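Trainee: Structural data only, the sequence is not supplied:
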């Protein structure tokens, strides 16, 4: 497993690189079946909305040829489970734990319905190796999804059910496919919205012909900056710059750069069903004031009766029966984080939301006394009223998992036709779980959802600070702009270990290179000026360390002859990579030779935003460009092994 040497309190608050495996998130729009290899009994078939380049994520499982479910008894209902690649026995080859929240790793779907025509579908969470270690699903270990009928007779031990179909699935490269090593070429940590992108790069990098090992820990922007200052990581992932207090506490940090990595957003998501029909509700408009009402836990049982809510969500012609009991307490993060700061800054910038929080609501709804006059923005949500059931959760993943399974903050399953749930997550998490995303009213009075166009409009309104960071401007009056946009930056300082410079440079250049044109779900391609900023920082890392930056260094210029030599993984007993000090025809007398190169040829497999898997395969170019450089490294390794 790839864990940073963080203090224990950080490790408990964070999720390691192995938590989500790779990158790739579920699109909010359903994709059609993609032709998984299906095995079924008596003509039964199964298909998935995605069956390759998978990661831990939700997919739509669809079946045909099954017997219709009998509503009176539940007979011929359908259970869905994740299994080994070719299951031969339900009890030994399939993961049968009860579903979340009764078991942390349970993902079984109980009692789905087959319609009269023999078809049915359900959303199901597929888990990668580090979320389901019992099966270890990864590039090298294919798995399957099995749907079987509840006939009323138990399945005998060692056998398959009498009526079933299963579809094989394959996984994208992830750190689960990487060799176990004691040392890492680059260590990163911080904002979780960047993690899916970085996980994908980590999985591809370790499988490349000239591998690098990236360690990524997702915590928060705040923890990322602190871990960087404490020397625990090489780059901190943050949405906002370091505070004056942080800088004052670390006098050895003289120079800081912020390299944009990705463009994404914060989303307000919801899970609820029509109280009469039981069908999922997929559309909702919320104003800053209404979001403030949710966040402040104000009269949530009568939320749908709010006059502004009713005005923004008219039901004339398309009757919607909102959940009868209103909404549960919100699903939000507990730890200090940049997303909370962005959301509360947006609320504070809106006159209606601010008046509501100050107790002067235009609709005469009395704000929860515990929140009256609260000072926003803040980077932390906290329970302000004892015994209320208002329970923020530590880290992003628990919020996302609870939203998907319909579990309220207290850990109980919710009847979402009786009580809805509203939460706040980053957009990659929302897309990964296929969450319904609310349209929110911007400062121009227009309801906008987080699309590529609205996020780019929000980007154009962002404030560019003198330190190079870009932060959202929620008060922009551009009617097309989504107000909760954000950029994840890689923060680096002059304290960067020189032995990490080459590998970090390669990672930064990859991130703003071709990967930006084949992004996982939940991201928008970085505009060119942001890519150029990261490129210039990457090629000047040595100058950042030394304090002598080459201001004339043009963008997009790399080392003309990269060095591909390295050492065997795990050969050093310390925390740093062991350099290869043998001479190289391509290296100067002072050039450090690393375990990997800053310019390798990865294979990146991301489920991209059109529903297909895009492969960025550069093997041929890598062979042509690097043959001359690879040969000396291979020869040196052979010579060393022969000598030993």
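Mentor: Done, it's in. Keep in mind it's a predicted model, so treat the numbers as computed, not measured. Residues are numbered from 1 along each chain as shown.
Trainee: Residue 119 and residue 494: what is the separation?
Mentor: Residue 119 is 61 Å from residue 494, where distance means C-beta to C-beta, to the nearest Å. Placement of C-beta: from N, CA and C, glycine included.
Trainee: Could you double-check that residue 436 lies in contact with residue 286?
Mentor: No. Residue 436 is beyond contact range of residue 286, at 11.8 Å (criterion: C-beta atoms under 8 Å).
Trainee: Pick out whichever of the two has more residues nearby.
Mentor: residue 286 (22 against 17; other C-beta atoms under 10 Å).
Trainee: quick one: contacts for the more buried one?
Mentor: 268, 294, 309, 312, 438-441 (C-beta atoms under 8 Å, 6 or more residues apart in numbering).
Trainee: Excluding chain neighbours, what is closest to it?
Mentor: Excluding its sequence neighbours, the residue lying closest to residue 286 (C-beta to C-beta, 6 or more residues apart in numbering) is residue 438, at 4.8 Å.
Trainee: Skip ahead from the lengthiest strand in the chain and say which helix or strand is next.
Mentor: Longest strand in the chain by number of residues (criterion: DSSP state E): strand 256-271. Where DSSP states H and E defines the elements, the next helix or strand beyond strand 256-271 is strand 285-286.
Trainee: what mean pLDDT does that following strand have?
Mentor: Strand 285-286 carries an average pLDDT of 98.
Trainee: So in that sheet, which strands flank it, and in what orientation?
Mentor: Each strand paired with strand 285-286, and its direction, by DSSP bridges: strand 439-441 (parallel).
Trainee: Could you list the residues in contact with the strand it pairs with?
Mentor: 268, 283-288, 291, 312, 447-449, 482-484.
Trainee: Go again with 6 Å.
Mentor: Residues from elsewhere that reach strand 439-441 (C-beta atoms under 6 Å, 6 or more residues apart in numbering): 268, 285-287, 447, 449.
Trainee: ok, those residues vs residue 260, which is closest?
Mentor: residue 449 (23.2 Å; C-beta to C-beta).
Trainee: which stretches of this protein have low pLDDT?
Mentor: 1-37, 316-317, 550-644 (pLDDT under 70).
Trainee: any idea how it splits into domains?
Mentor: 8-13+176-238+496-643, 38-171, 265-471 (automatic domain parsing).
Trainee: circling back: may I see the contacts of strand 439-441 arranged in JSON lines, with distance to residue 328 as well?
Mentor: Shown next, in JSON lines, are those (distance: C-beta to C-beta, whole Å):
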{"residue": "268", "distance to residue 328": "15"}
{"residue": "285", "distance to residue 328": "20"}
{"residue": "286", "distance to residue 328": "16"}
{"residue": "287", "distance to residue 328": "20"}
{"residue": "447", "distance to residue 328": "23"}
{"residue": "449", "distance to residue 328": "23"}
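Trainee: For those, which two are the farthest from each other?
Mentor: So, the contacts of strand 439-441 by C-beta to C-beta: farthest apart are 287 and 449, at 14.1 Å.
Trainee: what about the two, which has more around it?
Mentor: residue 287 (22 against 17).
Trainee: now the more buried one, nearest residue through space, not along the chain?
Mentor: In this structure, residue 287 finds its nearest non-sequential neighbour in residue 441, 4.4 Å apart by C-beta to C-beta, 6+ apart.
Trainee: same question, residue 468
Mentor: residue 258 (4.7 Å).
Trainee: ok, residue 151 - contacts?
Mentor: Neighbours of residue 151 in contact, by C-beta under 6 Å, 6+ apart: residue 162.
Trainee: Can you verify it is assigned to a strand?
Mentor: No. Residue 151 is assigned coil when assessed by DSSP: H, G, I helix; E, B strand; the rest coil, not a strand.
Trainee: Next, it: phi, psi?
Mentor: The phi/psi pair for residue 151 (degrees, to the nearest 10) reads phi -80, psi -10.
Trainee: Distance-wise, check it relative to residue 76.
Mentor: 7 Å.
Trainee: Which among the domains of the chain is found nearest to residue 254?
Mentor: That would be, of those and by C-beta to C-beta, domain 8-13+176-238+496-643, which comes in at 7.3 Å.
Trainee: who are the neighbours in contact with residue 330?
Mentor: Contacts of residue 330 (C-beta under 6 Å, 6+ apart): 294, 422-423.
Trainee: All the helices of the stretch 201-350 of the chain, residue numbers only.
Mentor: 221-229, 244-248, 288-295, 307-312, 338-349 (DSSP state H, counting those that start in this stretch).
Trainee: Kindly reformat those as TSV containing distance to residue 52 and mean neighbour count.
Mentor: As requested, those are arranged in TSV below (distance: least, C-beta to C-beta, whole Å; neighbours: other C-beta atoms under 10 Å):
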stretch	distance to residue 52	mean neighbour count
helix 221-229	32	27
helix 244-248	43	11
helix 288-295	38	25
helix 307-312	40	15
helix 338-349	31	23
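Trainee: Include distance to residue 368 when you put those into a markdown table, please.
Mentor: Below are these laid out as a markdown table (distance: least, C-beta to C-beta, whole Å):
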| stretch | distance to residue 368 |
| --- | --- |
| helix 221-229 | 26 |
| helix 244-248 | 30 |
| helix 288-295 | 9 |
| helix 307-312 | 17 |
| helix 338-349 | 14 |
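Trainee: Got phi/psi on the nearest residue to residue 143 once chain neighbours are set aside?
Mentor: In space, and not counting its chain neighbours, residue 143 is closest to residue 137: 4.0 Å by C-beta to C-beta, 6+ apart. Residue 137 adopts backbone torsions of phi -60, psi 120, taken as degrees, to the nearest 10.
Trainee: Where does the closest residue to residue 95 other than its chain neighbours sit: helix, strand or coil?
Mentor: Nearest-residue entry for residue 95: residue 82, 5.1 Å, with adjacent residues in sequence omitted and distances by C-beta to C-beta, 6+ apart. Following three-state DSSP, residue 82 is assigned to strand.
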